[in-house]
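Undergrad: Any chance you can model this:
(one chain, ligands or ions: 3)
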Amino acid sequence: MFEKSTWIRLPRNVVVGHGVIDQVVDVVDELHLQGRPLFVTSPTPREVAADPIAAQFEAAGIDPVIVTVETASFDAVERIIETAEAEEVTYLVGIGGGKAIDIAKMASHHLEMGFCSVPTAASHDGIVSNRGSVPDGDTRHSVAAKPPLAVVADTSVLAQAPWELTTAGCADIISNYTAVMDWRLAKRLKDVEYSEYAAALSEMTAEILVGNADLVRPGIEESAWIVSKALMSSGVAMSIADSSRPASGAEHLFSHQLDRLEPDAALHGHQVGVGSIMTAYLHGGEDGIWRDIHDALDSIDAPTTAAELGIDDETVLEALTTCHEIRDRYTVLGDGMNERAAREVATVTGVIE
Ligand SMILES: NC(=O)C1=CN([C@@H]2O[C@H](COP(=O)(O)OP(=O)(O)OC[C@H]3O[C@@H](n4cnc5c(N)ncnc54)[C@H](O)[C@@H]3O)[C@@H](O)[C@H]2O)C=CC1
Ligand SMILES: O=C(CO)COP(=O)(O)O
Ligand SMILES: [Zn+2]
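TA: Numbering: from 1, shown residues only. Ligands and ions are numbered 1, 2, ... in the order given. You can find the predicted model right below:
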């Protein structure tokens, strides 16, 4: 008997393009979100976007609460929940990079309130996903949440953000190749939940981005358009799967471990890109796709070496040999690499010298 069932939650409105930041009040209105919003942002995105958006709301007679956050943590989520309750807000808006959006997403999920996402950087594929990614001691949780009701991605804002944020977003997408390889491997070896649609969407998103890599150039607003579409498509793949699996495999475990060993050394997307070069080698060896991943990253100015990440070789090796412990997610790393094997893959792929 067939007894399977699922809920796939997706954003209702995706508003993307030049100048759409001026439409946040209209977007909220269209969703019938009423009352007082709480904006979750961080220092630069506050200046770039949250304060101008607050001015729009004030002109419409609405007085938003604004909270700036610096890190993604359960404490930060708790602080937002407390502020939301104290200020009697009725919905949340995440305005900034991946951390601000993740915190707003998780707090709104807990509060059972509506949530909108306003990315100020095309740096990560959590813009529309139904997940939050939070470090917690020795582990890193991929927390179930609801996707935003709406996303407002202004390509002029995204194009003015520092270029490395956009290249990080590209690398987060390119890493989908190895995330899907890990997912298929885990399906074959451990019979994990698997969605061919989500896997295919994730891979296709990476294909389209790599196919358009020559259009992804600094200062060109069309680049922000191409990359933000890819980030949203990848986020939809996660929502279809109801898991970060389509976009997060061993290369993400490697990055999450680097975050523990060297906090804030490099951007999330850049770290997963370098991880992806090495895990592609582990999957396919010399004849696999690791060179294609390397060249795709190189072509959009994303780091391909430890030195370019600003992380020393020994830390890369430590992350490689320990990151399988970060969470219970089967990948090509299996039950862990030993130091010699890690040095071999990192050296042969040129990640370390
Ligand atoms: N929930 C999910 O599905 C996903 C979550 N993530 C999470 O997102 C985070 C990574 O996101 P990032 O955006 O790389 O990190 P981030 O949120 O720390 O942003 C990086 C930096 O860029 C700044 N920034 C943002 N917009 C800017 C602008 N327009 N101008 C100048 N500076 C600007 C931020 O304030 C921050 O200092 C990680 O915590 C990662 O785990 C990443 C992918 C998927
Ligand atoms: O970064 C992600 C996808 O790009 C997701 O990360 P997690 O697997 O930690 O949720
Ligand atoms: Zn990621």
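Undergrad: where along the stretch 151-300 of the chain do the helices fall?
TA: 155-160, 163-174, 176-190, 196-211, 221-241, 250-261, 268-284, 290-299 (DSSP state H, counting those that start in this stretch).
Undergrad: Could you export those helices to TSV, including columns for mean pLDDT?
TA: As requested, these are arranged in TSV below (pLDDT from 0 to 100):
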stretch	mean pLDDT
helix 155-160	98
helix 163-174	98
helix 176-190	98
helix 196-211	98
helix 221-241	98
helix 250-261	98
helix 268-284	98
helix 290-299	98
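Undergrad: can you map out the strands along the stretch 1-150 of the chain?
TA: For the stretch 1-150 of the chain, the strands defined by DSSP state E, counting those that start in this stretch cover 13-17, 37-41, 65-68, 91-96, 114-119, 131-136, 139-144, 150-154.
Undergrad: picking that back up, what about the helices of the stretch 151-300 of the chain, which gets the closest to residue 109?
TA: helix 221-241 (13.1 Å; CB to CB). (Glycine included, C-beta is placed from N, CA and C.)
Undergrad: still on that earlier bit, CSV for the strands of the stretch 1-150 of the chain, including mean neighbour count and mean pLDDT?
TA: Listed next are those as CSV, based on neighbours: other CB atoms under 10 Å; pLDDT from 0 to 100:
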stretch, mean neighbour count, mean pLDDT
strand 13-17, 17, 98
strand 37-41, 29, 98
strand 65-68, 18, 98
strand 91-96, 29, 98
strand 114-119, 28, 98
strand 131-136, 20, 94
strand 139-144, 17, 93
strand 150-154, 26, 98
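Undergrad: how about these, which one is nearest ligand 1?
TA: strand 131-136 (3.5 Å; CB to the nearest ligand atom).
Undergrad: Spell out which residues of the stretch 151-300 of the chain are next to ligand 1.
TA: Contacts of the stretch 151-300 of the chain with ligand 1, taken as CB under 6 Å from any ligand atom, map to 161-162, 165, 168, 172, 238, 244, 267-269.
Undergrad: rerun at 8 Å
TA: Within the stretch 151-300 of the chain, the positions near ligand 1 by CB under 8 Å from any ligand atom are 157-158, 160-162, 165, 168-169, 172, 235, 238, 244, 247-248, 252, 255-256, 259, 267-269.
Undergrad: Buried members of those into ChimeraX, please.
TA: Buried subset of those, written as a ChimeraX selection, criterion 16 or more other CB atoms under 10 Å:
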select :157,158,161,165,168,169,172,235,238,244,247,248,252,255,256,259,267,268,269
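Undergrad: when you check ligand 2, which of the residues of the stretch 151-300 of the chain next to ligand 1 turn up near it?
TA: 172, 238, 244, 247-248, 252, 255-256, 268-269.
Undergrad: hang on, the earlier thing: could the helices of the stretch 151-300 of the chain be laid out in JSON lines, adding distance to residue 306?
TA: JSON lines is the format used below for the helices of the stretch 151-300 of the chain (distance: least, CB to CB, whole Å):
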{"stretch": "helix 155-160", "distance to residue 306": "28"}
{"stretch": "helix 163-174", "distance to residue 306": "15"}
{"stretch": "helix 176-190", "distance to residue 306": "18"}
{"stretch": "helix 196-211", "distance to residue 306": "23"}
{"stretch": "helix 221-241", "distance to residue 306": "25"}
{"stretch": "helix 250-261", "distance to residue 306": "10"}
{"stretch": "helix 268-284", "distance to residue 306": "7"}
{"stretch": "helix 290-299", "distance to residue 306": "13"}
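Undergrad: out of these, which comes closest to residue 90?
TA: Across those, closest to residue 90 is helix 221-241 (CB to CB), at 23.8 Å.
Undergrad: Now do the buried residues in the closest one.
TA: Buried, per 16+ other CB under 10 Å, within helix 221-241: 223-241.
Undergrad: for stretch 304-324, same thing?
TA: Across stretch 304-324, burial judged by 16+ other CB under 10 Å covers 304-306, 308-309, 311, 313, 315-324.
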